[in-house]
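J.: Build me a model:
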Amino acid sequence: MKNEHKESAELAGLRKMARADDEIGALINSIDVSPLVNAGPVSFQTIESEVLQQVLAYWRDLRDGAQLPLMNDLDPVKMGRWLSHITIVEVQRDPLAFVYRLTGEKLEVAHGAGIKGTDVRAVNDIVPGMGDALHIMYKKLVEYKKPLALRGDMVMKNPSLKGLELFILPISLEGENVDRLMNVAHYYKESLVPDETEHLMRG
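T.: Numbers count the residues shown, from 1 in each chain. From the prediction side, this is the model:
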């Protein structure tokens, strides 16, 4: 039976805020994020995590006027305090695939260890459909060449975690193509969707 998804009032509100952000507005209607449960694109100002905002500022500084920062310019020493929040996804081509190359401690706590080196579609084994949704979203971001912010609730392997704030930041090897996606995540024990709103329901 085909899954049916119902959007909550909170997620609809998040989408409305995202439309006001020129950097991600073009993505809103091109990605089906329903398998991500109650998480959706938002404006960067909506993200409360100080760590995420610090990494975003660092990513913007690395660009130095270019569209994309270079992978070789990333400084592991400067990024040391953020590394537990960071996951690096390698963009492979012919055929197109997205592979986890570095998985931060926060991701492993939320979704379990053992996904390093796997295609993102393997996440389907944790939450059916989520890996496919991530693949499509990453494909759009590779074409768009701009960062994306997500906020809301997600299904996670760790039942003590509910809320998520996430930046997906594109990075290049030589300056032209998106060759890596740097995911910066902050997980919350509490829901980021008010109790009175109705969550997306799976059929």
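J.: Double-check M182 against E90; I have them as touching.
T.: No - M182 is not in contact with E90 according to Cβ atoms under 8 Å; the separation is 10.9 Å. All C-beta atoms are positioned from the backbone trio N, CA, C, and that covers glycine.
J.: who touches both of these two?
T.: Overlap of the contact sets of M182 and E90 (by Cβ atoms under 8 Å, 6 or more residues apart in numbering) is empty.
J.: What are the boundaries of the strands in the chain?
T.: Listed in chain order, the strands of the chain (DSSP state E) span residues 38-42, 86-92, 97-102, 148-153, 163-171, 180-188.
J.: Out of these, which is closest to G114?
T.: strand 97-102 (10.0 Å; Cβ to Cβ).
J.: Could I get the buried residue list for the closest one?
T.: 98-100 (16 or more other Cβ atoms under 10 Å).
J.: okay, and for the chain, where does confidence drop off?
T.: Residues of the chain meeting the criterion pLDDT under 70: 1-37, 194-203.
J.: what do you get if the cut-off is 80, keeping everything else the same?
T.: Counting by pLDDT under 80, the chain has low-confidence residues at 1-41, 112-114, 126-127, 194-203.
J.: could you pull out the helices for it?
T.: Remark: helices assigned in the chain by DSSP state H are 9-19, 22-25, 50-63, 105-111, 130-144.
J.: between those helices, which gets nearest to S84?
T.: Across those, closest to S84 is helix 105-111 (Cβ to Cβ), at 4.1 Å.
J.: Dig out what H186 forms beta bridges with.
T.: In this structure, H186 bridges to E165 when assessed by DSSP bridges.
J.: give me every residue that touches it.
T.: 49, 51-52, 85, 106, 164-166.
J.: mind putting those residues in CSV, distance to N177 and neighbour count included?
T.: Formatted as CSV, these follow (distance: Cβ to Cβ, whole Å; neighbours: other Cβ atoms under 10 Å):
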residue, distance to N177, neighbour count
S49, 29, 20
V51, 27, 19
L52, 25, 22
H85, 25, 24
K106, 28, 20
L164, 28, 23
E165, 27, 24
L166, 22, 23
